[in-house]
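J.: my questions concern the predicted model and sequence given below.
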Amino acid sequence: MSKPAAAFEPLAVAVLTVSDTRTPDNDTSGDLLASRLEEAGHTLAARQIVKDDIYQLRKVVSDWIADETIQVILTTGGTGFSGRDSTPEALSVLFDKHIEGFGELFRQVSVEDIGSSTIQSRCLAGLANRTAIFCLPGSNNACATGWDRIIRDQLDARYRPCNFVAQVRR
C-alpha cells in the first residue's frame with residue numbers, strides 16, 4: 001500500500017530584516033518574503049526590522065524561538081562580508097542543529113544569476129527549539145531565489161521525498 005499524500009499545512013512565519021538603512025517604507029526584501037509566504041498559504045506571524053547588531057539580532061530571534069506560535073523564521077540581510085554583516089555570527093550559536101545543505105544549495109543555484117560572486121554569500125539555516133530558521137542575503141533577487149528554489153518546497157508538507165514541516169513544532 002502506498003502512503004496517502006500529505007495535506008498542505010499552513011505555518012506561522014516571522015520575517016526579520018537585518019539592516020542599518022531599511023525602514024518599513026523601503027523594506028523591499030522583507031515585503032517580498034512576506035508576500036511570497038502568504039501567497040504560498042502560510043501566515044505572517046511577526047515582522048520586524050533590526051539594526052545589524054549581533055545582540056539585537058539574537059534578542060529578536062531568541063524571543064521568536066521561544067514563542068510557541070512561531071514555527072519558521074526568515075531573515076534577510078547581514079549575510080555578506082561588509083564590516084557590519086553579522087547575521088551568521090549572531091544566529092548560528094542559537095541553532096540546535098545546522099542545516100548545512102541550505103547554504104550549499106543556495107550558492108549552487110545562485111551561481112546561475114551572479115556567477116562566482118556567490119562565494120560571498122554566507123546564508124545559513126538551522127533548527128532551534130523546533131523552529132526552522134533560514135537566513136538569506138538582503139537583495140530582492142537573493143530572497144526570491146531562496147524562497148522560490150528552496151524554502152517554499154521545504155515548508156510544504158506535500159513536497160517529497162522530505163521537507164521540514166514535520167520538524168517544526170505544531
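T.: Sure, I can see it.

J.: quick check: which element contains residue 55?
T.: Taking DSSP states H and E as the definition, residue 55 sits inside helix 54-66.

J.: with residue 34 instead?
T.: helix 28-39.

J.: and that helix, what's buried?
T.: 29-34, 36-37 (16 or more other C-beta atoms under 10 Å). C-beta coordinates here come from the backbone N, C-alpha and C atoms, glycine included.

J.: note down every partner strand of the very next helix or strand once past that helix and its orientation.
T.: Toward the C-terminal end, the helix or strand that comes next after helix 28-39 (DSSP H and E) is strand 43-50. Using DSSP bridges, strand 43-50 pairs in its sheet with strand 12-18 (parallel).

J.: what's the burial count for residue 108?
T.: Applying the criterion other C-beta atoms under 10 Å, we find 13 residues in the vicinity of residue 108.

J.: alpha carbons of the helix or strand containing it, as PDB, please.
T.: For residue 108, the host element (DSSP H and E) is helix 100-114. The C-alpha coordinates for helix 100-114 follow below in PDB (Å, rounded to 0.1, in the frame of the first residue of the first chain):
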ATOM      1  CA  GLU A 100      24.300  22.600   6.200                       C
ATOM      2  CA  GLY A 101      22.700  21.900   2.800                       C
ATOM      3  CA  PHE A 102      20.800  25.100   2.700                       C
ATOM      4  CA  GLY A 103      23.800  27.400   2.200                       C
ATOM      5  CA  GLU A 104      25.400  24.900  -0.100                       C
ATOM      6  CA  LEU A 105      22.300  24.600  -2.300                       C
ATOM      7  CA  PHE A 106      21.700  28.400  -2.200                       C
ATOM      8  CA  ARG A 107      25.100  29.100  -3.500                       C
ATOM      9  CA  GLN A 108      24.700  26.300  -6.200                       C
ATOM     10  CA  VAL A 109      21.500  27.800  -7.600                       C
ATOM     11  CA  SER A 110      22.800  31.400  -7.200                       C
ATOM     12  CA  VAL A 111      25.700  30.800  -9.400                       C
ATOM     13  CA  GLU A 112      23.300  30.900 -12.400                       C
ATOM     14  CA  ASP A 113      22.400  34.500 -11.600                       C
ATOM     15  CA  ILE A 114      25.600  36.000 -10.100                       C
END
